[in-house]
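Asks: Quick one, fold the following:
(6 chains)
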There are 4 protein chains.
Amino acid sequence: MINRVVLVGRLTKDPELRYTPNGVPVTRFTVAVNRTFTNQQGEREADFISCVAWRKQAENLANYMRKGSLVGIDGRIQTSSFEGQDGKRVYMTEVVADSVQFLEPRSAQGQQPYGGQPSYGASQPPYGGTQDPFGVPFPSQPPQNQPNYTRVDEDPFASSKGPIEVSEDDLPF
Amino acid sequence: MINRVVLVGRLTKDPELRYTPNGVPVTRFTVAVNRTFTNQQGEREADFISCVAWRKQAENLANYMRKGSLVGIDGRIQTSSFEGQDGKRVYMTEVVADSVQFLEPRSAQGQQPYGGQPSYGASQPPYGGTQDPFGVPFPSQPPQNQPNYTRVDEDPFASSKGPIEVSEDDLPF
Amino acid sequence: MINRVVLVGRLTKDPELRYTPNGVPVTRFTVAVNRTFTNQQGEREADFISCVAWRKQAENLANYMRKGSLVGIDGRIQTSSFEGQDGKRVYMTEVVADSVQFLEPRSAQGQQPYGGQPSYGASQPPYGGTQDPFGVPFPSQPPQNQPNYTRVDEDPFASSKGPIEVSEDDLPF
Amino acid sequence: MINRVVLVGRLTKDPELRYTPNGVPVTRFTVAVNRTFTNQQGEREADFISCVAWRKQAENLANYMRKGSLVGIDGRIQTSSFEGQDGKRVYMTEVVADSVQFLEPRSAQGQQPYGGQPSYGASQPPYGGTQDPFGVPFPSQPPQNQPNYTRVDEDPFASSKGPIEVSEDDLPF
DNA sequence: TTTT
DNA sequence: TTTT
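Replies: Numbering: from 1, shown residues only, chains lettered A, B, ... in the order given. As a prediction, the model looks like this:
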C-alpha cells in the first residue's frame, strides 16, 4: 500500500495555527496548484488542494508563510467522514503534509517570523525559535501556558513516519 | 507547480465504464489504501480515494479489473466544484490517473477480459483487443455503434500528459 | 528541497542482510522496473535501480522477499562518491527506501520467513519476529550475539524521517 | 510497474543545450537537492542528481535557467550502461524529466531568455519564442539550419508520456 | 551483475 | 457507499 503526494503551489490564505485539546499544533491550509495545461477555452485553471500540517510544520507555516507563499508539500492523501450540520454524512479528502518546504527566496519572507497578529515591526519572534525555518528543524516552546489559543477537536494522529522532530512534551500519546 | 500522486491499493468495487457525450471512455472508481500505521485504538485504517481514468485506462480498468484488485495509480489531484441538488456548492477532489498499473498476478486476473456482465466462459473478448492489459497498450474498438452505453456529461478534460497512447479515433478534440 | 521516489518493481536477486560495525541491519538490492513503453525496436526495456534499506525494512526484505518478488518502494535518491580501487573517484546514486511494501499475494510468500540459507521447512523463524511483515511493523531480536554476520563499513545514516519504528538498542547514534 | 521521481533543487551549472544527430534538443544537468536532515557531524549535505530533459523542456532549461536556479522536476529514473574508455562497463542512472518547473520568482530570471552565449543586453530572444517559460508551453523554432550546434549520439527515446507538447517537426520518429 |  |  503506497500513498504519496508531492505538491508545489501557493497558499491561498495566511495560515492560521490552532491547537488540539491536547495542545498539539495544527494548521489547515489550501494550496493552489496551477495546471500545466489549458482547458478547451484556452484558460489555465488551478487545483485548490486542502492540506493539514501538524506540530513543527504547523508552527513553521503559521510563523513564516503567508498568503501567496510558494510551498512544497510531501505527504499523503487522507480521507475521512463526519456528520454534517444537516445530519448527512460528509466525506472529505485532504493532504497530510509530512514535510513542508518553503520555496520563497529569503528576501520575500521578511526577516522575522510572522505571528498571526501583524507583528512586522516586532524585534522578537513570538515563540523562542531560531529565525530560520528553511529546512533545518528549529526549537520552539510548546504553547502550554498560552491562555487563549484555539482548540481543535480533531484527533491529531499524524503521519505514517511519526513525530520525529518533535520534543516529546507536546505529544498527546 | 507540481502535482503528483502515486497510490497502490485495492478497488472497492467492480469498475464501471461510461462514456461522455463525445464518446470518450471514462471510469470513476475508489482505491482503498491501507495505512501503514495504526490509530490510537491499535486498528489499521484505510483511505478511500476517489479516482477517475479516461480512454484506454478506463477501458482496461473495466475490462480487466474487479473489486479487490490491486492497482497502482500514477496521477494528479484534481479539484472541482458544482451545484449540489440542494443548490449548495459541492467541492470534490479526486485523483486523475495518468496511468493505471495492474498489480495482481496474472493467475488472479482470469484469462479473459471481464465484460461487466459475467462473461467468464466467453471465448471472445467483448471488444476486439488483445488479451493482455499488463503494461503494453493494446488496441480496442471505439464504442461508436454500441446502442446503449451510459453517457456522462462531465467534460473529459484529461491529463496534463495527454492522450498519448490512444488512436486519434476516439478523441473528441 | 524535495526528493521523493516511488517505485514498483521486482527484486533481481534474493536480498542479503548485512550489518554495519555498529550492528545496524542494512540490505542493498536492485529493483527491476519494466518500462511502460517500448523502444524503437518495439522491445520493452527495464530500469535496474539500486536501492538500500536499513533496520526493520532491511530485515523484512531479507526475511520475506526473494528474487522476483514484487515490491513497492517509497524513498529518496541519494548520491555519494568514494575512492575506487584504481584510485579514481566513483560516483553512485541509489534509492534509500523509507518504506518497503510487499506486493506479492500472501500465498506467493510462503508461510515462514526466509532465512537466507534455505530454511523452507523450518518451523521457527530465524529471528523471533511475528510471521506477518505486511505493513505492520513487527519485533525482531537485534543480532547482538550472533557470531558471524557480515559487517558493512558504510555509515548507516538513514532516512530523513528517522529511525521511527526501531528500538533504541540497535541505533548507533 | 511504477517509476516516479519528484525533485526540487538547484542547478549546479548553466545548462547546455545539445542536439542528437536527428536534431532533437537535449540538455543534461545536475540538480543539487539539500537534505532535510543533518549528518552525524551536524552538517547539511546535498544529493547531486543527474538529469536529462528533451525537446521543449531542454530548450526552456537552456534559454531561461542558469546555475543556481531553483527547479522542480517530475520524471522517472532511467538506468543504462555503456562501454567505458577503459573497456569496462559503466553503469549510470539519471532522472529523465517529463516536466521541468521554473520556481524562481520572475524577477530573478531576467526579462529575456538566456542564449548560452551571454546575451543579456539583447533585445530579441535568440529563438522566436514567447518570453514566458513559466508553465505555458511556448513555441520556438527548431534549429534546423543552425550550422554548428553540438550533436549527441545518445538515442533520444524519451518519456513514457511521450512527445505531447512538441510540434511534429522536431520528432525523429 | 539483472526481474516477470 | 468501501478493499485484503
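Asks: partners of the helix or strand residue A:91 falls within in the sheet?
Replies: Using DSSP states H and E, residue A:91 falls within strand A:89-102. Strand A:89-102 pairs in its sheet with strand A:44-54 (parallel), strand A:70-83 (antiparallel), by DSSP bridges.
Asks: Quick check, residue A:53 in contact with residue A:24.
Replies: No. In this structure residue A:53 lies outside contact range of residue A:24 using CB atoms under 8 Å: 11.2 Å. C-beta: built from backbone N, CA, C; applies to glycine.
Asks: Of these two, which one has the most company?
Replies: Neighbours around residue A:53 and residue A:24, counted as other CB atoms under 10 Å in any protein chain shown, are more numerous at residue A:53. The numbers are 29 against 25.
Asks: Quick check: the more buried one vs residue C:17, distance?
Replies: 36 Å (CB to CB, to the nearest Å).
Asks: Within range of DNA strand E, give me the residues from chain A.
Replies: Residues of chain A lying close to DNA strand E (CB under 7 Å from any atom of the strand): none.
Asks: just the strands in chain A please.
Replies: Taking DSSP state E to define them, one finds strands in chain A at A:2-11, A:16-19, A:25-38, A:44-54, A:70-83, A:89-102.
Asks: Pull the second one out as PDB, backbone CA atoms only.
Replies: I take that to be strand A:16-19. Written as PDB, here are the backbone C-alpha positions of strand A:16-19 (Å, rounded to 0.1, in the frame of the first residue of the first chain):
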ATOM      1  CA  GLU A  16      -3.800  30.000  11.000                       C
ATOM      2  CA  LEU A  17      -2.300  28.000  13.800                       C
ATOM      3  CA  ARG A  18      -4.700  26.100  16.100                       C
ATOM      4  CA  TYR A  19      -4.200  23.500  18.800                       C
END
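Asks: That strand - contacts with which helices or strands?
Replies: strand A:25-38, helix A:55-64 (3 or more CB pairs under 8 Å, 6 or more residues apart in numbering or on different chains; DSSP states H and E).
Asks: Just grab the bridge partners of the residue of chain A found nearest chain D for me.
Replies: Relative to chain D, the nearest point of chain A is residue A:6 (4.2 Å; CB to the nearest CB). With DSSP bridges as the criterion, residue A:6 is bridged to residue A:74, residue B:4.
Asks: neighbours of it, just the number please.
Replies: 27.
Asks: In JSON lines: the strands paired with strand A:89-102, plus mean pLDDT and distance to residue B:10.
Replies: Converted to JSON lines, the strands paired with strand A:89-102 look like this (pLDDT from 0 to 100; distance: least, CB to CB, whole Å):
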{"stretch": "strand A:44-54", "mean pLDDT": "97", "distance to residue B:10": "24"}
{"stretch": "strand A:70-83", "mean pLDDT": "96", "distance to residue B:10": "14"}
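Asks: Can you tell me how far the residue of chain A closest to chain D is from residue D:75?
Replies: As judged by CB to CB, residue A:6 and residue D:75 stand 12 Å apart.
Asks: now do residue A:91
Replies: Residue A:91 sits 33 Å away from residue D:75, going by CB to CB.
Asks: Kindly report the same for residue A:11.
Replies: 26 Å.
Asks: who has more neighbours, residue A:91 and residue D:75?
Replies: Neighbour count, other CB under 10 Å: between residue A:91 and residue D:75, residue D:75 has more, with 24 against 12.
Asks: Contact partners for that one?
Replies: For residue D:75, the contacting residues are D:4, D:5, D:7, D:51, D:95, D:96, D:97, D:98, D:99, D:159, by CB atoms under 8 Å, 6 or more residues apart in numbering or on different chains.
Asks: which of the residues you listed sit farthest apart?
Replies: D:7 and D:159 (15.2 Å; CB to CB).
Asks: which one of the two has more residues nearby?
Replies: Taking other CB under 10 Å, residue D:7 and residue D:159 do not tie; residue D:7 has more neighbours (27 against 23).
Asks: Residue A:28 reaches residue A:50, doesn't it?
Replies: Yes. The pair residue A:28 / residue A:50 is scored as a contact, 7.1 Å apart, by CB under 8 Å.
Asks: quick one: is the strand holding residue A:91 near DNA strand F?
Replies: Yes. Applying CB under 7 Å from any atom of the strand, one finds strand A:89-102 in contact with DNA strand F at A:89, A:91.
Asks: returning to what we had before: identify the contacts common to residue A:28 and residue A:50.
Replies: What both residue A:28 and residue A:50 touch, as defined by CB under 8 Å, 6+ apart, is the set residue A:94.
Asks: Just give the nearest non-adjacent residue to residue A:2, would you?
Replies: In space, and not counting its chain neighbours, residue A:2 is closest to residue B:8: 4.0 Å by CB to CB, 6 or more residues apart in numbering or on different chains.
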